[in-house]
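Asker: take this sequence and fold it.
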Amino acid sequence: MEQQEQTNTSPSSHAAEEPEAASHFRVFDLASSATFRREGPAVRVLWESTTARLLLLALQEGQQLDEHRTSYQAFIQVISGHLIFKLEHERISMRAGTLLHLEPRVAHSVEALQDSLFLITLIAASTEGMIAKAVAPAAEELASEPQRRPGGGEG
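Answerer: Residues are numbered from 1 along each chain as shown. Have a look, this model is predicted:
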């Protein structure tokens, strides 16, 4: 989905799309942030950090997101409309209020059966836990070995 990101920067709608912000919170008006495009799906980045992204997507009836994969954990929440979310052998009907969790690298596509607005939260897969698990056996092995001094003797 990253290749499809687009933002609407037209002056007439820009002010309505900016979230209300304070130092410790933001309020997003999703309805005024949504832009439907005849040319294809509209994708707006609402927020991002080094480990997560929040995207708002608008698909008109009949529009699709072709099969793709992401390296992120994904939570897909339908705000309005009706989508068919296609996985390898699954077709999931999603309407307003439906939330779907998707693991990284799972091939999927989306089709709008009605004009639809949905929110995608992408969370980077943490490698810290995997690294700790991989390093732990080696660290335990090193800890159990006798300490050697630079001169060759044990300490």
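
Asker: let me see the ranges of the helices in the chain.
Answerer: Ranges of helices in the chain, per DSSP state H, are 11-17, 30-33, 128-144.

Asker: which intervals of this protein have sub-threshold pLDDT?
Answerer: Residue ranges of the chain with pLDDT under 70: 1-22, 127-155.

Asker: go again using 50 as the cut-off
Answerer: Within the chain, the ranges that satisfy pLDDT under 50 run 1-17, 129-131.

Asker: which ones are touching residue 64?
Answerer: Residues near residue 64 by Cβ atoms under 8 Å, 6 or more residues apart in numbering: 41, 109-112. For glycine as for every other residue, the C-beta is placed from the backbone atoms N, C-alpha and C.

Asker: and these, which of them are buried?
Answerer: 41, 110-112 (16 or more other Cβ atoms under 10 Å).

Asker: tell me which residues of stretch 27-39 are tucked away?
Answerer: Here stretch 27-39 shows 28, 30, 33-35 as buried, counting by 16+ other Cβ under 10 Å.

Asker: stretch 84-103 now?
Answerer: Buried-residue list, stretch 84-103, by 16+ other Cβ under 10 Å: 85-86, 94, 98, 100, 102.

Asker: could the residues you listed be laid out in CSV, adding distance to residue 71?
Answerer: Listed next are those as CSV, based on distance: Cβ to Cβ, whole Å:
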residue, distance to residue 71
85, 19
86, 20
94, 22
98, 24
100, 18
102, 12
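
Asker: of these, which is the nearest to residue 117?
Answerer: Nearest to residue 117 among the buried residues of stretch 84-103: residue 94, at 11.6 Å, using Cβ to Cβ.

Asker: isn't the closest one right up against residue 79?
Answerer: No. Residue 94 lies out of contact with residue 79 (Cβ atoms under 8 Å); the separation is 10.6 Å.

Asker: quickly list what's touching both of the two.
Answerer: Contact criterion Cβ under 8 Å, 6+ apart; residues shared by residue 94 and residue 79: residue 118.

Asker: okay, strands next: where are they in this structure?
Answerer: Listed in chain order, the strands of the chain (DSSP state E) span 20-22, 25-27, 42-48, 52-59, 64-68, 72-80, 82-86, 91-95, 99-102, 108-112, 116-124.

Asker: adding distance to residue 64, write the buried ones among the contacts of residue 64 out as CSV.
Answerer: Below are the buried ones among the contacts of residue 64 laid out as CSV (distance: Cβ to Cβ, whole Å):
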residue, distance to residue 64
41, 8
110, 6
111, 5
112, 7
